[in-house]
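S.K.: quick one, structure for this:
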Amino acid sequence: MLTVDKNINNVPHTYTAVETDADIKQLVNELKKHTEICFDSETTGIDANEAELVGLSFSVKPGEAWYVPCPADQNRTKEILGLFEPLFADPKKIWIGQNTKYDLLVLKWYGIEPAGNIFDTMLAHYVIEPDGKRSMDILSEKYLGYEPVHIEELIGKKGGRGAGAKTQGSMRDVEIEKIKEYAGEDADITLQLKQVFEPMLQQKEVEKVFNEVENPLVKVLVDMEFEGIKIDEGFLNDYSKELEKDAKTAEESVYKQAGVRFNLASPKQLGEVLFDKLKLDPSAKKTKTGQYQTGEDVLLKLAARGNSIVEDILTFRELTKLKSTYVDALPQLINPKTGRVHTTYGQAVAVTGRLASNNPNLQNIPVRTDRGKEIRKAFIPRDKNHLLVSADYSQIELRIVAAISADPNMCQAFKAGTDIHTATAARVYNVPEKEVTKEMRYKAKSVNFGIIYGQGAFGLADNLGISRTEAKEIIDNYKKEFPGIQQYMDNTINFARENGYVETLMGRKRWLRDINSANFTVRGFAERNAINSPSREPLLI
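M.R.: Presented below is the predicted three-dimensional model:
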């Protein structure tokens with residue numbers, strides 16, 4: 001960690017405002033000479049689908065940058081961007097940026113789509129060090145020892161509620177001299193971060209996943225976020241009323257069975273009713289604060305014993321959550337410009353490389369219950385010229401594990417085109433496939449997915465509601481019938497212990513600091529993470 005002793009006041013720099021068409025054309029001619037150009041946008045907000053462009057900054061040399069302001073007159077802004085068209089249209093350019101997806105999305109709303117490749121410093125740091133935070137301010141301090149100007153110094157902080165709440169200003173209101181220094185510094189710092197991260201990508205041997213997965217994906221996500229999706233407001237409005245009515249029915253049923261009215265949304269009062277008044281479970285556990293545990297896992301176990309009041313409580317919880325989280329919330333997120341909902345995909349969030357989705361989370365639309373599935377009907381084509389296509393892989397996780405483990409029995413099942421869960425049940429229970437019962441297949445399915453994610457006998461027993469002895473027997477039989485999968489998991493864990501990391505087929509590395517921990521629980525968690533990052537070349541099956 002570098003000492004943070006540098007800032008805009010003690011580091012020599014030249015940041016120039018470029019305002020006239022003649023000066024912009026001169027800047028474009030200068031930038032044409034360079035293959036790599038760092039750029040950054042200043043906007044009126046953090047939502048790229050609604051923000052207006054305030055200005056663009058460019059840098060090709062540390063300590064130097066240009067800032068081009070864009071006025072509130074959007075037609076004039078488009079004219080300014082038009083002057084940069086020869087630059088953006090050049091496929092040989094490499095555009096350097098921090099969280100480039102945001103800048104590209106803003107530009108797309110103005111009809112600008114840079115043709116060249118990109119180098120995103122946020123994503124570079126993400127593949128180098130998947131854990132931790134990676135804002136430009138943090139990266140600058142950590143890798144350059146430089147504390148940048150914070151945006152709050154220009155537009156103030158947003159905080160508080162009610163009459164005394166502070167309203168954050170807009171970059172549109174910041175005087176040109178201040179915004180020139182701030183924006184120029186952003187481009188300058190990002191360029192310097194690129195120079196730091198490029199050799200680190202080679203040292204960590206993660207260039208492949210950076211160049212072939214993360215960077216190319218940026219433009220794909222820009223297009224996806226830009227398009228958005230249409231929702232049927234009328235359907236959601238009607239469904240909201242239906243959920244409210246059914247939730248009220250479930251709530252009243254709970255009060256009737258309890259013999260008392262109470263705040264059903266209060267875990268404390270609910271626990272007292274279920275365990276003190278109704279005495280549904282003498283062994284009920286309490287939290288550190290002294291109130292009973294009333295989480296979903298606790299209630300599901302009570303419901304399994306035939307407690308109808310608990311079933312109504314679970315129904316009430318499901319309906320109220322569906323209503324508030326999805327049915328009532330989605331219409332509030334419709335973009336007034338498009339009439340569609342536009343999510344934001346987080347590319348550098350999960351250490352596994354999995355995308356995140358926010359405002360709204362379109363990756364988490366319910367599917368497990370019939371009530372939840374109804375919400376999906378709200379997503380509709382935008383007009384008669386568009387269709388929604390639903391596609392899904394067939395047992396993709398198991399195909400992957402079969403390929404990387406090269407287990408002969410599992411590979412053969414896929415080659416034969418048989419139902420993989422039925423084939424697994426037949427081997428685990430040592431019966432012909434035609435004699436596999438529905439219950440056998442269900443248990444085999446749980447084992448198939450549980451094993452590849454590191455689940456043990458305790459987890460399987462809890463998941464299936466069976467004894468730990470039976471769960472252990474099923475797992476032992478599974479490992480005996482599919483030895484290649486166990487061998488793959490053992491090899492992966494051993495590799496992680498020796499090297500401190502595992503890597504995927506595309507070269508994404510996951511560092512496992514606790515893989516050799518003396519603590520069994522901590523080490524076990526690291527081992528489960530290890531087997532989720534396959535590192536062998538796939539076998540064609």
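S.K.: which stretches in the protein count as strands?
M.R.: All strands of the chain, identified by DSSP state E, fall at 14-17, 36-43, 53-61, 64-69, 94-97, 117-120, 230-231, 344-346, 356-358, 379-380, 501-503, 509-511.
S.K.: quick check: buried residues in the third one?
M.R.: Neighbour-count burial for strand 53-61, counted by 16 or more other CB atoms under 10 Å, picks out 53-60. For the C-beta atoms, the positions are set from N, CA and C on the backbone; glycine is no exception.
S.K.: which one of those residues is nearest to Glu36?
M.R.: Val60 (7.0 Å; CB to CB).
S.K.: for that closest one, give its distance to Leu31.
M.R.: Distance of Val60 to Leu31, given as CB to CB, to the nearest Å: 7 Å.
S.K.: residues shared between the contacts of these two?
M.R.: Both Val60 and Leu31 are in contact with Ile37, where contact means CB atoms under 8 Å, 6 or more residues apart in numbering.
S.K.: ok, Val54 - contacts?
M.R.: Contacts of Val54 by CB under 8 Å, 6+ apart are 41-44, 69-70, 170-172, 179.
S.K.: may I see the PyMOL selection of the buried members of those?
M.R.: Of these, the buried ones can be selected in PyMOL as follows, counting by 16+ other CB under 10 Å:
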select buried, resi 41+42+43+44+69+70+171+172+179
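S.K.: report the buried residues of the lowest-mean-pLDDT helix or strand in the chain.
M.R.: Least confident helix or strand, the chain: helix 457-464 with a mean of 83, by mean pLDDT, DSSP states H and E. Residues of helix 457-464 classed as buried by neighbour count (16+ other CB under 10 Å): 457, 459-461, 464.
S.K.: closest to Leu362 out of the residues you listed?
M.R.: Gly459 (28.9 Å).
S.K.: what's the burial count for the closest residue to Phe275 other than its chain neighbours?
M.R.: With sequence-adjacent residues excluded and distances taken as CB to CB, 6 or more residues apart in numbering, Phe275 is closest to Ala284, at 4.3 Å. Here the count is done by other CB atoms under 10 Å, and Ala284 has 16 residues near it.
S.K.: what's the average pLDDT for stretch 214-225?
M.R.: Predicted confidence along stretch 214-225 averages 97 (mean pLDDT).
S.K.: show me what counts as buried in that stretch.
M.R.: For stretch 214-225, burial by neighbour count (16+ other CB under 10 Å) applies to 214-215, 217-219, 221-222, 225.
S.K.: out of these, which comes closest to Val206?
M.R.: Distances from Val206 to the buried residues of stretch 214-225, taken by CB to CB, are shortest for Glu214, at 9.4 Å.
S.K.: and the closest one, how far from Ile474?
M.R.: Separation of Glu214 from Ile474 (CB to CB): 39 Å.
S.K.: likewise for Ile466?
M.R.: As for Ile466, its distance to Ile474 is 8 Å (criterion: CB to CB).
S.K.: what about these two, which has more around it?
M.R.: The residue with more neighbours, out of Ile466 and Ile474, is Ile474; 25 against 16, by other CB under 10 Å.
S.K.: wait, doesn't that one sit right on Asn463?
M.R.: No. Contact criterion CB atoms under 8 Å: Ile474 and Asn463 do not qualify, at 11.3 Å.
S.K.: helices of the stretch 101-250 of the chain, residue ranges please.
M.R.: Applying DSSP state H, counting those that start in this stretch to the stretch 101-250 of the chain gives helices spanning 121-128, 136-144, 152-155, 176-203, 207-209, 215-227, 233-258.
S.K.: tell me which of the ones you listed is the most buried.
M.R.: Highest mean neighbour count of these: helix 121-128, a mean of 24 (counted as mean count of other CB atoms under 10 Å).
S.K.: that one vs helix 136-144, what angle?
M.R.: Computed by axes from the mean of the first three to the mean of the last three CA atoms, to 10 degrees, the angle separating helix 121-128 from helix 136-144 equals 60 degrees.
S.K.: helix 121-128 packs against which elements?
M.R.: Helix 121-128 sits against helix 136-144, helix 176-203, with contacts defined as 3 or more CB pairs under 8 Å, 6 or more residues apart in numbering; DSSP states H and E.
S.K.: now these in TSV, with mean pLDDT and distance to Thr344?
M.R.: Converted to TSV, those look like this (pLDDT from 0 to 100; distance: least, CB to CB, whole Å):
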stretch	mean pLDDT	distance to Thr344
helix 136-144	96	18
helix 176-203	97	20
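S.K.: any idea what the residue nearest the centre of the chain is bridged to?
M.R.: Most central in the chain under CA atoms, centre = their mean is Ala356, positioned 1.3 Å from the mean C-alpha point. Using DSSP bridges, the beta-bridge partners of Ala356 come out as Gly346.
S.K.: hmm, it is touching Ala348, no?
M.R.: No. Look at Ala356 against Ala348 with CB under 8 Å: they stay out of range, at 9.0 Å.
S.K.: which ones are touching Asn358?
M.R.: Taking CB under 8 Å, 6+ apart as the contact definition, Asn358 lies against 343-344, 346.
S.K.: anything in contact with each of Ile466 and Ile474?
M.R.: 443, 460.
S.K.: skipping adjacent residues, who's closest to Glu212 in space?
M.R.: Spatial nearest neighbour of Glu212, excluding adjacent residues (CB to CB, 6+ apart): Met506 at 6.7 Å.
S.K.: contact partners for that neighbour?
M.R.: Contacts of Met506 (CB under 8 Å, 6+ apart): 208-209, 212-213.
S.K.: what do you get if the cut-off is 10 Å, keeping everything else the same?
M.R.: Met506 sits next to 206, 208-210, 212-214, 353 when contact means CB atoms under 10 Å, 6 or more residues apart in numbering.
S.K.: pLDDT value on it, please?
M.R.: 89.
S.K.: could you check how far it is from Ile118?
M.R.: Distance, Met506 to Ile118, by CB to CB: 18 Å.
S.K.: what does Ala457 give?
M.R.: For Ala457, the distance to Ile118 - CB to CB - is 47 Å.
S.K.: try His150
M.R.: For His150 relative to Ile118 (CB to CB), the value is 25 Å.
S.K.: chain center to stretch 346-356: distance?
M.R.: Chain-centre distance of stretch 346-356: 5 Å, with CA atoms, centre = their mean, to the nearest Å.
S.K.: quick check: buried residues in that stretch?
M.R.: In terms of neighbour count (16+ other CB under 10 Å), stretch 346-356 has its buried residues at 347-349, 351, 353.
S.K.: and Ser135, what does it touch?
M.R.: Counting by CB under 10 Å, 6+ apart, Ser135 touches 98-99, 122, 141, 148.
S.K.: err, Asp328, not the other one
M.R.: For Asp328, the contact set (CB under 10 Å, 6+ apart) comprises 236-237, 239-240, 243-244, 322.
S.K.: nothing else from me, thank you.
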